[in-house]
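A.B. asks: Okay, here's the prediction I keep looking at, along with the sequence it came from:
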Amino acid sequence: MSAFPVEVKGLSTRFGDTWVHRGIDLAVPAGEIVALVGGSGSGKTTLLRQIVGLLRPTAGEVRLFGEPLFGGSRLEQVARRRRFGMLFQQGALFSALDVYANIAFPLQEAGVRDEAMLHDLVGVKLAMVELAPEVGLRMPAELSGGMVKRVALARALALEPELLLLDEPTAGLDPDRSAGFVRLIRDLHRALGLTVVLVTHDLDTLAALATRVAVLAEGRILGFGSLDSVMALEHPFIERFFRGERSRAALARGRAEA
């Protein structure tokens with residue numbers, strides 16, 4: 001793996017007359033869990049989508065595993081994309097397919113055709129996210145919010161990626177399920193040696209998971225480093241986001257979970 005699985009260089013983003021990003025530079029070290037935080041409209045999810053190629057920036061470059069995201073032949077780009085998995089905020093499961101078929105889909109796209117092998121691989125991925133094999137028979141509409149997240153995570157991990165991207169992974173979950181999902185991500189990060197990039201506004205999640213924090217504000221990366229180093233920066237957004245009484249309580253809870 002590259003020393004920096006994700007590198008963003010001079011990235012700028014404009015929608016109409018509105019600039020969302022202006023010259024963002026960010027290098028995510030291998031093996032880290034990097035949390036992207038920022039106010040509403042700061043472009044956190046936009047940046048995440050640009051990292052995986054769902055959106056193109058107005059200017060600048062994204063490099064994955066040391067290579068330009070859109071560089072090389074089509075086959076080289078496909079191979080590069082198989083090295084990362086993404087968990088979308090609402091799960092983005094295929095509603096017409098059962099859980100088994102949702103998890104099997106990326107495996108089939110990658111060329112796995114043997115049904116016995118597919119069955120075994122899907123079972124392994126379900127076990128990896130602490131779900132029983134019979135969950136594979138259910139439709140997405142029959143799942144709780146927490147189970148949707150776990151199935152979507154199993155699908156994101158189907159091709160054994162090196163890089164995992166998470167968009168608000170605990171959004172919509174009650175405190176118990178949120179804490180359980182955070183523990184699952186932390187355990188998978190350690191067991192699989194993943195590099196993780198997540199967008200979150202939840203301070204409990206951030207404190208429990210992140211090894212580094214990148215703060216997006218004013219169209220740029222305001223700060224990047226450990227949680228303590230970022231909290232020490234003097235800026236109105238950091239004051240509001242990290243230093244309020246409720247924020248400090250949430251950070252304390254998250255650190256207790258870490």
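C.D. replies: Right, received. Where do you want to start?
A.B. asks: for the closest residue to Leu163 other than its chain neighbours, what are its contacts?
C.D. replies: Nearest residue to Leu163, sequence neighbours excluded (Cβ to Cβ, 6 or more residues apart in numbering): Phe84, at 3.9 Å. Every residue, glycine included, has its C-beta placed from N, CA and C. Counting by Cβ atoms under 8 Å, 6 or more residues apart in numbering, Phe84 touches 52, 64, 161-165.
A.B. asks: now Thr13
C.D. replies: 19-21, 43, 46-47, 50, 55, 57-58 are the contacts of Thr13 under Cβ under 8 Å, 6+ apart.
A.B. asks: Could you turn the buried ones of those residues into a PyMOL selection?
C.D. replies: In PyMOL syntax, the buried subset of these is picked out as below (16 or more other Cβ atoms under 10 Å):
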select buried, resi 20+21+43+46+47+50+57
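A.B. asks: ok, the contacts of Thr13 vs Leu198, which is closest?
C.D. replies: Nearest to Leu198 out of those is Leu47 (Cβ to Cβ; 11.8 Å).
A.B. asks: correct me, but the closest one touches Leu36?
C.D. replies: Yes. Counting by Cβ atoms under 8 Å, Leu47 does reach Leu36; the two are 6.5 Å apart.
A.B. asks: Show me the common contact partners of the two, please.
C.D. replies: Shared contacts of Leu47 and Leu36, counting by Cβ under 8 Å, 6+ apart, come down to Leu216.
A.B. asks: So which residues of the chain form helices?
C.D. replies: Assigned helices in the chain, in chain order: 44-51, 74-81, 99-109, 115-128, 145-156, 175-192, 203-209, 227-231, 236-242, 245-257 (criterion: DSSP state H).
A.B. asks: So what's the gap between the shortest one and the chain middle?
C.D. replies: The offset between the C-alpha centroid of helix 227-231 and the centroid of the whole chain comes to 21 Å, using Cα atoms, centre = their mean, to the nearest Å.
A.B. asks: residues in contact with the residue most central in space within the chain?
C.D. replies: Centroid-nearest residue in the chain, with Cα atoms, centre = their mean: Leu166, separated by 1.8 Å. Contacts for Leu166 (Cβ under 8 Å, 6+ apart) come out as 86-87, 185, 196-200.
A.B. asks: Next, the buried residues of stretch 20-30.
C.D. replies: Here stretch 20-30 shows 20-22, 24, 26, 28, 30 as buried, counting by 16+ other Cβ under 10 Å.
A.B. asks: Touching it from outside, list them.
C.D. replies: 1-14, 34, 41-43, 46-47, 57, 60, 195, 197, 212, 214, 216, 219-221, 224.
A.B. asks: Leu194 is in contact with Val34, correct?
C.D. replies: No. Counting by Cβ under 8 Å, Val34 does not reach Leu194; the two are 11.6 Å apart.
A.B. asks: How much space separates the residue nearest to the centre of the chain from Gly223?
C.D. replies: 21 Å (Cβ to Cβ, to the nearest Å).
A.B. asks: got it, and Phe15?
C.D. replies: In terms of Cβ to Cβ, Phe15 sits 25 Å off from Gly223.
A.B. asks: Report the backbone C-alpha coordinates of stretch 248-258 in PDB.
C.D. replies: Below are the C-alpha coordinates for stretch 248-258, written out as PDB (Å, rounded to 0.1, in the frame of the first residue of the first chain):
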ATOM      1  CA  ARG A 248     -17.000  18.400  25.600                       C
ATOM      2  CA  ALA A 249     -19.400  15.900  27.200                       C
ATOM      3  CA  ALA A 250     -19.800  14.100  23.900                       C
ATOM      4  CA  LEU A 251     -16.000  14.000  23.400                       C
ATOM      5  CA  ALA A 252     -15.500  12.600  26.900                       C
ATOM      6  CA  ARG A 253     -18.000   9.800  26.200                       C
ATOM      7  CA  GLY A 254     -16.400   9.000  22.900                       C
ATOM      8  CA  ARG A 255     -12.900   8.800  24.400                       C
ATOM      9  CA  ALA A 256     -14.200   6.500  27.100                       C
ATOM     10  CA  GLU A 257     -15.300   4.200  24.300                       C
ATOM     11  CA  ALA A 258     -12.000   4.300  22.500                       C
END
